[in-house]
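Q: Pasting the sequence and the predicted model now:
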Amino acid sequence: MKIHNVKQGTEEWLKLRLGKLTASDAQAIATNGKGLETLAFTKVAEIITGKIKEDIYTNADIERGHELEAMARNSYELETENVVKEVGFMELDEFTGCSPDGAILEEGLVEIKCPNDLNFVRYLYDRKIDPGHNWQMQFQLFVSGREWVDYVVFNENFPKQAIITRVVRNETEIAKLKAGVDMGIAQIKAILERVKV
């Protein structure tokens with residue numbers, strides 16, 4: 001596993017992600033069905049064109065996350081006394097990688113989410129981790145070989161701004177992700193071989 005120290009969101013970072021199965025795709029990878037097949041075709045298109053697909057999904061919470069990530073990271077460091085090292089891209093192999101929000105020592109990662117007030121209250125109420133976020137974190141643990149991710153749900157408008165939950169490796173889920181990655185890579189290679197341009 002190789003760590004690339006580049007700034008997330010930059011042209012250099014986008015090039016590193018090009019054609020790779022990443023944590024953003026983890027739920028489709030774990031399901032290992034039609035979604036994975038579509039993903040394989042998407043990754044081949046990126047490899048051939050040299051361009052990341054243009055319709056990268058975003059929403060208000062994701063935009064909030066970009067704006068507030070540094071504040072959330074500081075809040076997390078103050079509360080836990082953990083020092084977060086920002087990470088650009090962790091590359092497992094030619095076709096697989098992830099971009100966690102930070103690394104802690106040799107065994108940990110941090111993943112930050114900054115929901116709006118309504119969704120923060122919902123999280124305070126039920127403390128349920130979104131399944132997509134869980135798959136994303138397990139994928140990060142698969143790629144990095146690390147033991148845990150501190151899941152930080154942050155909203156600056158509340159008295160307790162950061163809710164921190166430690167998510168540990170789940171080997172059953174990681175086995176599903178590995179099987180999905182293996183299948184995805186095989187599909188990408190088969191498509192590339194067939195379309196040869």
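A: Everything's here; your move.

Q: From here on, just use CA atoms for contacts and neighbour counts.
A: Fine.

Q: can you map out the helices along this structure?
A: Taking DSSP state H as the criterion, the chain carries its helices at 11-17, 26-31, 34-49, 60-80, 117-126, 131-144, 171-195.

Q: Mean pLDDT lowest where, among these?
A: Lowest mean pLDDT within the helices of the chain: helix 60-80, a mean of 83.

Q: Check which helices and strands that one sits against.
A: Helix 60-80 sits against strand 108-113, strand 148-154, strand 162-168, with contacts defined as 3 or more CA pairs under 8 Å, 6 or more residues apart in numbering; DSSP states H and E.

Q: Now do the buried residues in it.
A: Neighbour-count burial for helix 60-80 flags 65, 68, 69, 72, 73, 75, 76 (criterion: 16 or more other CA atoms under 10 Å).

Q: Figure out which of the helices of the chain is closest to residue 2.
A: Of all the helices of the chain, helix 131-144 sits nearest to residue 2, with 8.9 Å by CA to CA.

Q: can you give me how far the closest one is from the chain middle?
A: Centroid displacement of helix 131-144 relative to its chain, using CA atoms, centre = their mean, to the nearest Å, is 6 Å.

Q: Could you find the closest non-adjacent residue to the residue nearest the centre of the chain?
A: Centroid-nearest residue in the chain: residue 23, 3.6 Å away (criterion: CA atoms, centre = their mean). Using CA to CA, 6 or more residues apart in numbering and skipping residues adjacent in sequence, the residue nearest residue 23 is residue 136, 4.8 Å away.

Q: From residue 49, how far off is the one you found?
A: 26 Å (CA to CA, to the nearest Å).

Q: Mind checking which of these two has more residues around it?
A: A side-by-side neighbour count of residue 136 and residue 49, using other CA atoms under 10 Å, places residue 136 first with 22 against 12.

Q: picking that back up, dump the buried residues of helix 60-80 into CSV; add distance to residue 122 as well.
A: Output for these, formatted as CSV (distance: CA to CA, whole Å):
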residue, distance to residue 122
65, 17
68, 19
69, 20
72, 19
73, 21
75, 21
76, 20
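
Q: Let me know which of the helices of the chain is the nearest to residue 104.
A: That would be helix 60-80 among these, by CA to CA, at 10.2 Å.

Q: Pull out the C-alpha coordinates of the closest one and format them as PDB.
A: Provided in PDB are the C-alpha atoms of helix 60-80 (Å, rounded to 0.1, in the frame of the first residue of the first chain):
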ATOM      1  CA  ALA A  60     -25.600  20.200   0.600                       C
ATOM      2  CA  ASP A  61     -24.100  17.900   3.300                       C
ATOM      3  CA  ILE A  62     -21.100  17.000   1.100                       C
ATOM      4  CA  GLU A  63     -20.500  20.700   0.400                       C
ATOM      5  CA  ARG A  64     -20.800  21.500   4.100                       C
ATOM      6  CA  GLY A  65     -18.300  18.800   4.800                       C
ATOM      7  CA  HIS A  66     -15.800  20.400   2.500                       C
ATOM      8  CA  GLU A  67     -16.300  23.800   4.200                       C
ATOM      9  CA  LEU A  68     -16.200  22.500   7.700                       C
ATOM     10  CA  GLU A  69     -13.700  19.600   7.600                       C
ATOM     11  CA  ALA A  70     -10.800  21.600   9.000                       C
ATOM     12  CA  MET A  71     -12.900  22.800  11.900                       C
ATOM     13  CA  ALA A  72     -14.200  19.300  12.600                       C
ATOM     14  CA  ARG A  73     -10.700  17.900  12.500                       C
ATOM     15  CA  ASN A  74      -9.500  20.400  15.000                       C
ATOM     16  CA  SER A  75     -12.500  19.700  17.300                       C
ATOM     17  CA  TYR A  76     -11.700  15.900  17.000                       C
ATOM     18  CA  GLU A  77      -8.100  16.500  17.900                       C
ATOM     19  CA  LEU A  78      -8.900  18.600  20.900                       C
ATOM     20  CA  GLU A  79     -11.400  16.100  22.200                       C
ATOM     21  CA  THR A  80      -9.300  13.000  21.700                       C
END
